[in-house]
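K.L.:
The sequence and its predicted three-dimensional model are supplied below.
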Amino acid sequence: SITTALPPNNGSCIASVWLINIEYTFVLAPLVVKIASINKLLQAAKRMKRVKLNKNYLYGVVALISGVVVVFMILWTVLDRPKREGGFDLTNTETADGHIIV
């Protein structure tokens, strides 16, 4: 997420958590729905039955999963808001090994 490159503050922490979870949902939810549809097709093929898959239904399932994640993220943000933890400053102090202390 681009927010990890920004200086840490409460807004970037919240945005980072939201973006990471929403991104994973947009990647994994369609994949799970697609695998479930293929499974449904294969199970019907074993029984020699014809199956009709409705695109709008599949899109609706993805939207439902995404909606559940959004509701979860809203509740999480309201009840236990992510907060900035610590700050990092570069110093000129070096260890005996030649590493710079952060």
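P.N.:
Good, I have the coordinates. Residues are numbered from 1 along each chain as shown.
K.L.:
State the distance from the closest residue to Thr4 other than its chain neighbours to Thr3.
P.N.:
The shortest distance from Thr4 to any non-neighbouring residue, by C-beta to C-beta, 6 or more residues apart in numbering, is to Ser16 (6.0 Å). Using the backbone N, CA and C atoms, a C-beta is placed for each residue, glycine as well. Taking C-beta to C-beta, to the nearest Å as the measure, Ser16 falls 4 Å from Thr3.
K.L.:
Which of the helices or strands spans the residue nearest to the spatial centre of the chain?
P.N.:
Among the residues of the chain, the one closest to the centroid is Asn21, at 2.3 Å (C-alpha atoms, centre = their mean). Using DSSP states H and E, Asn21 falls within helix 10-46.
K.L.:
what residue ranges in this structure are flagged as low confidence?
P.N.:
Applying pLDDT under 70 to the chain picks out residues 1, 85-90, 101-102.
K.L.:
rewinding a little: only the buried residues of the helix holding Asn21, if you could.
P.N.:
Within helix 10-46, the residues scored as buried using 16 or more other C-beta atoms under 10 Å are 12-18, 25, 29-30, 33.
K.L.:
where's the closest residue to Ala15 other than its chain neighbours relative to Lys49, distance?
P.N.:
Among residues not flanking Ala15 along the chain, Thr3 sits closest, at 4.7 Å (C-beta to C-beta, 6+ apart). With distances taken as C-beta to C-beta, Thr3 is found 48 Å from Lys49.
K.L.:
who has more neighbours, the two?
P.N.:
Higher neighbour count among Thr3 and Lys49: Thr3, with 17 against 9, using other C-beta atoms under 10 Å.
K.L.:
Would you verify that that one is located in a strand?
P.N.:
No. Counting by DSSP: H, G, I helix; E, B strand; the rest coil, Thr3 falls outside a strand, being helix.
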